[in-house]
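**Q** Build me a structure from this.
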Amino acid sequence: MGYETIIVEKKDQIARITLNRPQALNALNEKMGEELNAALKEVERDPETRCLVITGAGRAFSAGEDVSGLKERYAGGAHPSLGDHLRKKYHPIILRIRNMEKPIIARINGIAAGSGASIALACDIRIASEEAGLKQAFIGVGLVPDSGSSYFLTQNLGPGRALELIMTGRTVGAKEAETLGLVNKTVPAAELDKTVEEMAEKLANGPTRALGLSKRVVNQAARLELSEALEYEAQNQQIAGRTKDHLEAVRAFLEKRQPKFSGN
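**A** Residues are numbered from 1 along each chain as shown. Predicted coordinates for the structure are as follows:
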């Protein structure tokens, strides 16, 4: 389907969604929110797609929520329901990214702020240009972190460090973000495409069902007791053990060759 605010490309089992409002630093207006959610649904349902890359056009990943309509929304002293706005616009996007049982890479080409940072943090693997940065911009407008930022930051950093970034709203440069564990790898801008493509190809040629089940297990790990986590792992291992890719891996091991995974 055609999109106005994003670009969706598919090649060699890899899909790429580019947030495409570069003149607005890829801030998410209502149209982009709707289109991003629709594109994620399209990728999730496409059996040919085995890896997804999310990035931004121009010099930003995403500046977060589009603020161009603030004057109208707050006209006459109105107090719009921000909770309802989040439930309608952002929650479906974040949940679809986390629950999609395909690997998702955030190609962080520039600043990722506010809900834009939340989208990047929701992805499975984050590869950033040295020119990129993450910013919890919420406190600057008198708001709390949303779209999953409080969850992802606390999971990655613990409450103390998460609160520091949230309360100060400072921009975390790519190198510091890598040191903190907020991004997996930082590379010079000129090497970003090559690095992301290599990772995407590796994941797209991997055992897709096992990758998806691994994501499912990790999503649950933090909320389970050890005994529950062990059982949940066992249940998902049972599923993985019945896939064609597992049997191919066993045959390849016995035949002393590299496995050729089909994603099934």
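
**Q** For K256, give me the pLDDT.
**A** As predicted, K256 sits at a pLDDT of 95.

**Q** and it, what are its phi and psi?
**A** phi 60, psi 50 (degrees, to the nearest 10).

**Q** Ok, G160 next?
**A** Taking degrees, to the nearest 10 as the convention, G160 sits at phi -60, psi -50.

**Q** What segments of the stretch 101-250 of the chain are helices?
**A** 115-122, 149-157, 159-168, 174-180, 192-204, 208-221, 226-240, 244-254 (DSSP state H, counting those that start in this stretch).

**Q** And those helices: which comes nearest I54?
**A** If you check each of the helices of the stretch 101-250 of the chain against I54 by CB to CB, helix 115-122 wins as the nearest, at 6.9 Å. Glycine gets a C-beta too; all of them are placed from N, C-alpha and C.

**Q** Need the winner for burial among the helices of the stretch 101-250 of the chain.
**A** helix 115-122 (a mean of 27; mean count of other CB atoms under 10 Å).

**Q** can you give me the angle that one makes with helix 159-168?
**A** What separates the directions of helix 115-122 and helix 159-168 is an angle of 160 degrees, with axes from the mean of the first three to the mean of the last three CA atoms, to 10 degrees.

**Q** Could you list the residues in contact with helix 115-122?
**A** 26-28, 54, 56, 60-65, 90, 93-94, 97-98, 106, 108, 112, 126, 134-137, 145-149, 152-153, 156, 182 (CB atoms under 8 Å, 6 or more residues apart in numbering).

**Q** and with 6 Å instead?
**A** 61-65, 90, 94, 97-98, 106, 108, 112, 126, 134, 147-149, 152 (CB atoms under 6 Å, 6 or more residues apart in numbering).

**Q** And the buried ones among the residues you listed, selectable in PyMOL?
**A** Selection of buried members from the contacts of helix 115-122 for PyMOL, criterion 16 or more other CB atoms under 10 Å:
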select buried, resi 61+62+63+64+65+90+94+97+98+106+108+112+126+134+147+148+149+152
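
**Q** In strands, which of the contacts of helix 115-122 fall?
**A** 61-62, 106, 108, 112, 126, 134 (DSSP state E).

**Q** biggest separation within these, which pair?
**A** So, these by CB to CB: farthest apart are S62 and R126, at 13.1 Å.

**Q** mind giving me the domain ranges of this structure?
**A** For the chain, automatic domain parsing gives the domain ranges 6-204, 208-254.

**Q** And stretch 133-143, how far out from the chain middle?
**A** In terms of CA atoms, centre = their mean, to the nearest Å, the centre of stretch 133-143 is set 19 Å apart from its chain centre.

**Q** Now that stretch: buried residues?
**A** 133-138.

**Q** Out of the residues you listed, which comes closest to I14?
**A** Using CB to CB, the buried residues of stretch 133-143 come closest to I14 at L134, 24.3 Å.

**Q** Show the contacting residues for the closest one.
**A** So L134 contacts 112, 117, 172, 177, 182 (CB under 6 Å, 6+ apart).

**Q** at 7 Å what do you get?
**A** Residues in contact with L134 (CB atoms under 7 Å, 6 or more residues apart in numbering) are 112, 117, 120, 172, 177, 182.

**Q** ok, of those, which one's closest to L36?
**A** For those, the nearest to L36 is A120 (12.9 Å; CB to CB).

**Q** how far away is that closest one from Y90?
**A** 13 Å (CB to CB, to the nearest Å).

**Q** Ok, G142 next?
**A** 18 Å.

**Q** mind checking pLDDT for the most centrally placed residue in the chain?
**A** Closest to where the C-alpha atoms of the chain average out (CA atoms, centre = their mean) is C123, at 2.0 Å. We have a pLDDT of 98 for C123.

**Q** could I get the domains of the chain as TSV with distance to N264?
**A** Below are the domains of the chain laid out as TSV (distance: least, CB to CB, whole Å):
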stretch	distance to N264
domain 6-204	9
domain 208-254	4
